[in-house]
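Colleague: For reference, the sequence and a predicted model appear below.
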Amino acid sequence: MFDETKIRSIATLCAPAPVAPTLQQQQPRVWSLTQVGSGIIGAKTCTLACCIDRHSDAMGYFKGETVNPVVGEVQNRPEVASLLRRLEFRAALTVDNKTGLVYRKLPLDFGGKVNTWTASAEPAMFAWVENCGRVLADHGTGEYRFERLDAPSSRSDQIPDVDDLIEELLADYVIETLDHPTVQRLLIQTTPPVPPRYGTPAVIISDEDDNEVY
């Protein structure tokens, strides 16, 4: 018969390890289409290959994302290919005079299938160029739409250069090597799980959300 202390030790060893809370990396002034609020954006664009690090709270609800530009030879590594997403950046100027970067995710190849979010993001973003307004997510249609707002005067000459903002806001988030902690964490998350030894677990299928995914 097992000693009680040994039983407690075995139970401790067999218990699932506690999940440490994810450290949420803050990325100020880098916004998805619906995060900017009201303002105008510039005509000049810059497209970068990025890793997108999604964040969630303790309940698993989406709490934002961090974009990490991937540069150099690491872009060509086959294990990183599935992590890369092409993002189009423009400079943004909000109505309360904050400057930052706004990005849209360029369409993925879904075997000829059209994603309504990425398809509608392009005209919505283009309509926003040098026009005061905002982009809204219409969950009923699964599309983005631009809503123009009245502005007292043109402010396009106040929009900063997108290249300057990228140097300022994304320099600390650049990935240059395969051993970057963000890459390592995302690679672990995308590794297929080991099949269970006994039985097959139930599969829960859920629709992904809007701009924060696509």
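Modeller: Yep, it's here.

Colleague: Only C-alpha atoms from now on, for both contacts and neighbour counts.
Modeller: Fine.

Colleague: Kindly state the beta-bridge partners for the closest residue to residue 174 other than its chain neighbours.
Modeller: Distance criterion C-alpha to C-alpha, 6 or more residues apart in numbering; nearest residue to residue 174, sequence neighbours excluded, is residue 69 at 4.9 Å. Per DSSP bridges, residues listed as beta-bridge partners of residue 69: residue 50.

Colleague: can you count the residues close to residue 69?
Modeller: 24 (other C-alpha atoms under 10 Å).

Colleague: which residues touch stretch 118-132?
Modeller: If you take C-alpha atoms under 8 Å, 6 or more residues apart in numbering as the criterion, stretch 118-132 is touched by 33, 38-43, 104-107, 134-135, 143-146, 148-151, 154-156, 214.

Colleague: Pretty sure the residue nearest to residue 174 sits against residue 180.
Modeller: No. Contact criterion C-alpha atoms under 8 Å: residue 69 and residue 180 do not qualify, at 11.9 Å.

Colleague: Buried by neighbour count, from the contacts of stretch 118-132: which ones?
Modeller: Buried members of the contacts of stretch 118-132, counted by 16 or more other C-alpha atoms under 10 Å: 33, 38-43, 104-107, 134-135, 143-146, 148, 155-156, 214.

Colleague: returning to that earlier point: residues in contact with the residue nearest to residue 174?
Modeller: 48, 49, 50, 51, 170, 173, 174, 175 are the contacts of residue 69 under C-alpha under 8 Å, 6+ apart.

Colleague: Which among those count as buried?
Modeller: Using 16+ other C-alpha under 10 Å as the threshold, 48, 49, 50, 51, 170, 173, 175 are the buried ones among the contacts of residue 69.

Colleague: Give me the pLDDT for the third one.
Modeller: If I follow you right, that is residue 50. On the pLDDT scale, residue 50 is placed at 96.

Colleague: re earlier: adding distance to residue 61, write the buried ones among the contacts of residue 69 out as TSV.
Modeller: Shown next, in TSV, are the buried ones among the contacts of residue 69 (distance: C-alpha to C-alpha, whole Å):
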residue	distance to residue 61
48	27
49	26
50	22
51	20
170	25
173	24
175	26
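
Colleague: Which of those sits closest to residue 188?
Modeller: residue 51 (13.8 Å; C-alpha to C-alpha).

Colleague: Might one say that the closest one is in contact with residue 82?
Modeller: No. With contact defined as C-alpha under 8 Å, residue 51 does not count as touching residue 82 (9.3 Å).

Colleague: Show the pLDDT at residue 214.
Modeller: You'll see residue 214 listed with a pLDDT of 51.

Colleague: What pLDDT is listed against the residue nearest to residue 174?
Modeller: So residue 69 comes in at 96 (pLDDT).

Colleague: now it: how far from residue 169?
Modeller: From residue 69 across to residue 169, the span is 11 Å (C-alpha to C-alpha, to the nearest Å).

Colleague: Kindly report the same for residue 105.
Modeller: 18 Å.
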